[in-house]
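Chemist: Fold the following for me, if possible:
(one chain, ligands or ions: 1)
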Amino acid sequence: MRSGDRLVVGIVRRGGPWPVVLAVTAVAGAAGELAIPYVIGRTVDLLVARQPGGGTWLLVCAGVVAGVMVCESLGVWARGASSAHAAATLRLGVLRHVLGAGHAATRRFPEGELVTRAGLNAEETGRAPETLMSALALLVPTVGALVALTLIAPLLTLTLGLGIVVILLALRAFLRASTVIAGGYQEVQGEIAARLVEAMDGARTIAAAGTAAQEARRVLAPLPRLRARGMELWRANATAAVRSGLVVPLLEVVVLIVGGFMLAAGDLTVGELYAAARYAVLGTALSTSLGHLGGLARARGAAARVAEVLALPSVPHGTRTLPAGPGTVEFRDVTANGLTVGDLTLPGGSVTAVVGRSGSGKSLLAALAGRLTDPERGTVLLDGVPLRELSRAELRRAVGYAFERPVLLGDTLAEAIGRAPATGPRDASSREPAVVPAGTAHSVVEAARAACADVFVRRLPLGYGTPLREAPMSGGERQRIGLARAFAQGERLLVLDDATSSLDTVTERQVSQALTADHLGRTRLIAAHRLATAARADQVVWLEDGKVRAHGPHDALWRDPAYRAVFQGAAP
Ligand SMILES: Nc1ncnc2c1ncn2[C@@H]1O[C@H](COP(=O)(O)OP(=O)(O)OP(=O)(O)O)[C@@H](O)[C@H]1O
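Modeler: Sure thing, here's the model as predicted:
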């Protein structure tokens, strides 16, 4: 079975009560519709012959019709609930998986593609139980009609059976073709979304370059392919509708002719002929399933795309916690993505600067130190424990990261700095609710002070309680909030990847001093271009040509002209 179909089956299985409610209402409704011709036929015969029981059968008729209506209403409600439940569950699963897969997800799929797959495609996949059950329910009248006709006049069963085989063949061909076409349609949708997200990301550059019109054309360039796929879908629909639709009137005519002869010969009553004609129509109900099958085809196409995302390997985490330790980081025989780190130790509590020309691998080394990426060879250890063996929570508690362009998460500035609920001592100044709302942990304010963010945060009318969306921040202020987050969260190791590049020289010096004098004595790894950062560090790791060219104190390395050349043209 293909991965998309496996996902559809999984959704039906894990759909809670809804697939069952759908199946029960669909089958009961179909069974009711199946019974209607019989009870009407029987009632007509009794009333025409003025036999006793006609009144009772009239009541039975009313009961069956009412039952069918109730099933129909319940079915509509269950269809909505089933789709919403399945889409929500799937979206959550895809989102968790994408975030768990980390970098691998955005390397494999452009962001717009991921958003389309986790949003629109997950929703389309969620409709699978509804469409599947509705299509399957149409088998009930078909089978029932065959049985009923066999009881009334076996000759008519053969005629109907042949017609049903023709309809089934047309429907199978339609489902196959439209699944492929729907997949292609969704692929183009994802492509357009990916181009759009790219353009939004570079909106400032586009505006500055005055290329908005070209960019709009580039984003919409796949539209003709989208239209072509749409037309193919319509054509497939029309072909199947014509093929299966032609069979229905033909069958009805044949059944009526044969039934008419049988009536004339006295082999059928009027009521039986009426019932036989109705069953012939009911038996071809499958031909009305094109809409459901079209939905199922879209769900299958979408499921295949969602399954590709779910197939991304997620980063496995161990269960170990860290023993007491100073935060010593060891690289043992490490190689990753063309960078050979070999053996390298960052002593607990020390400051290490990573320097090298652009593209030399500073960010990669920083990513390896806190397991944002895994090495292809070798092991990275924190206080003697391989990072791979640490639980996710322990790892993230131990290591704090700050980046050049931090993404701030949470509702308020306080949350962006300290995501975990405040449990430590509260800030003494929390009596000033306007700028430090009650509940803000002392560590959040401390971290903001160290990152030189406290002053500008307090200047905002709502201070630490300012909603992130309303906080007007420059690039440097944003970086300082990112730094504060790292200071507040990393218990043993702080990794700063170009995290002070937007700060002016004075602020950068203040942040560096706070970092150097870190009162918690954490290990610090700083990837930077600035000479001053290297000069203040306990040791410098110098990267060049895909390896560690040298490491040691800055003063010792400075004697090498090639080392000095790394900083030529860089900020002091
Ligand atoms: N987290 C990561 N996972 C895997 N590969 C990475 C990661 N970060 C960077 N790389 C790769 O490492 C190589 C070196 O890039 P890197 O960003 O580390 O250079 P850099 O020295 O930080 O450059 P710059 O000074 O311009 O920021 C590139 O091929 C990049 O794709």
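Chemist: any chance you could map the helices in the stretch 1-150 of the chain?
Modeler: Here the stretch 1-150 of the chain has its helices, by DSSP state H, counting those that start in this stretch, at 3-13, 18-48, 54-101, 103-108, 111-116, 122-126, 128-137, 139-152.
Chemist: The ligand is nearest to which of these?
Modeler: helix 103-108 (5.4 Å; C-beta to the nearest ligand atom). (C-beta placed from N, C-alpha, C; glycine too.)
Chemist: who touches Ala527 in this structure?
Modeler: Listed by C-beta atoms under 8 Å, 6 or more residues apart in numbering, the contact set of Ala527 reads Ala353, Val354, Lys362, Ser363, Leu365, Ala366, Val495, Leu496, Asp497, Asp498.
Chemist: Could you tell me which of those belong to helices?
Modeler: Members of these lying in helices (criterion: DSSP state H): Lys362, Ser363, Leu365, Ala366.
Chemist: Excluding residues flanking it in the chain, which one is nearest the first one?
Modeler: Pointing back at Lys362 there. With sequence-adjacent residues excluded and distances taken as C-beta to C-beta, 6 or more residues apart in numbering, Lys362 is closest to Ala527, at 3.8 Å.
Chemist: Identify the bridge partners of the one you found.
Modeler: Note on Ala527: beta-bridge partners by DSSP bridges are Val354, Asp497.
Chemist: any idea how far it is from Ala402?
Modeler: According to C-beta to C-beta, to the nearest Å, Ala527 stands 10 Å off from Ala402.
Chemist: now Val12: how far from Ala303?
Modeler: On the measure of C-beta to C-beta, Val12 and Ala303 end up 11 Å apart.
Chemist: Need the residues touching each of these two.
Modeler: Overlap of the contact sets of Val12 and Ala303 (by C-beta under 8 Å, 6+ apart) consists of Ala128.
Chemist: and those two? which has more neighbours close in?
Modeler: Remark: of Val12 and Ala303, Ala303 carries more neighbours, 30 against 20, as counted by other C-beta atoms under 10 Å.
Chemist: so what's the more buried one up against?
Modeler: Gly4, Asp5, Leu7, Val8, Ile11, Asn121, Thr125, Ala128.
Chemist: Could you pick out the residues of the stretch 301-450 of the chain near the ligand for me?
Modeler: Asn337, Gly356, Ser358, Gly359, Ser360, Gly361, Lys362, Ser363, Leu364, Ala367, Leu372, Thr373 (C-beta under 6 Å from any ligand atom).
Chemist: Swap in 5 Å and give it another go.
Modeler: Residues of the stretch 301-450 of the chain lying near the ligand by C-beta under 5 Å from any ligand atom: Asn337, Ser358, Gly359, Ser360, Gly361, Lys362, Ser363, Leu364, Ala367, Thr373.
Chemist: for Leu220, what are its contacts?
Modeler: The contact partners of Leu220, taken as C-beta under 8 Å, 6+ apart, are Ile192.
Chemist: got it, and the one 5 residues further on?
Modeler: Counting by C-beta under 8 Å, 6+ apart, Arg225 makes contact with Val188.
Chemist: Helix or strand for it, just tell me which one.
Modeler: Assessed by DSSP states H and E, Arg225 sits inside helix 223-264.
Chemist: can you list the residues of the protein near the ligand?
Modeler: Residues of the chain lying near the ligand by C-beta under 5 Å from any ligand atom: Asn337, Ser358, Gly359, Ser360, Gly361, Lys362, Ser363, Leu364, Ala367, Thr373.
Chemist: Could you pick out the buried ones from those residues?
Modeler: Burial by neighbour count, 16 or more other C-beta atoms under 10 Å: within the residues of the chain next to the ligand this picks out Ser360, Gly361, Lys362, Ser363, Leu364, Ala367, Thr373.
Chemist: What is the burial count for Ser73?
Modeler: Neighbourhood size, Ser73 [other C-beta under 10 Å]: 11.
Chemist: same thing with the one 4 residues further on?
Modeler: Residues within reach of Trp77, counting by other C-beta under 10 Å, total 12.
Chemist: Nothing else from me, thank you.
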